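Asker: okay, here's the prediction I keep looking at, along with the sequence it came from:
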Amino acid sequence: MQVTVHAAKTHLSKLIEAAHAGEEVVIAKGKLPVAKIVPIPQGRFAIGLLKGKLTGPGPDFFEPMDESDLALWEGAP
């Protein structure tokens, strides 16, 4: 669907619903297309997404670092 800027201002909420439903909505100045309304994908955040996929022990952040790791962390060559 292609609409003019004036029509887009008048019917913005309807155009947003159309885009959300999967319709391509193009806004034009005269006959020249200048913008497109597209839906933003709605992903769901999942805690534990990588649970069971990572192996090996992770770093223990409460233990002191050895000197070579500490030097790298502090930017020493």
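Answerer: Sure, I can see it.
Asker: roughly how far is the host helix or strand of Ser68 from the heart of the chain?
Answerer: Taking DSSP states H and E as the criterion, Ser68 maps to helix 67-73. Chain-centre distance of helix 67-73: 35 Å, with C-alpha atoms, centre = their mean, to the nearest Å.
Asker: who touches that helix?
Answerer: Applying C-beta atoms under 8 Å, 6 or more residues apart in numbering, the external contacts of helix 67-73 come out as Met65. No exception for glycine: its C-beta is placed from N, CA and C like everyone else's.
Asker: do a quick rundown of the strands in the chain.
Answerer: Listed in chain order, the strands of the chain (DSSP state E) span 2-4, 25-29, 32-37.
Asker: so which of these is nearest Pro57?
Answerer: strand 32-37 (48.8 Å; C-beta to C-beta).
Asker: elements contacting the closest one?
Answerer: Applying 3 or more C-beta pairs under 8 Å, 6 or more residues apart in numbering; DSSP states H and E, one finds that strand 32-37 contacts helix 12-20, strand 25-29.
Asker: any idea which of the ones you listed gets closest to Ile47?
Answerer: Among the helices and strands packed on strand 32-37, helix 12-20 comes nearest to Ile47, with 26.9 Å by C-beta to C-beta.
Asker: output the contacting helices and strands for that closest one.
Answerer: strand 25-29, strand 32-37.
Asker: swap the cut-off to 6 Å and go again
Answerer: Contacts defined by 3 or more C-beta pairs under 6 Å, 6 or more residues apart in numbering; DSSP states H and E place helix 12-20 against strand 25-29.
Asker: in CSV, list the strands of the chain along with distance to Leu72.
Answerer: Compiled in CSV, the strands of the chain are given as follows (distance: least, C-beta to C-beta, whole Å):
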stretch, distance to Leu72
strand 2-4, 57
strand 25-29, 51
strand 32-37, 47
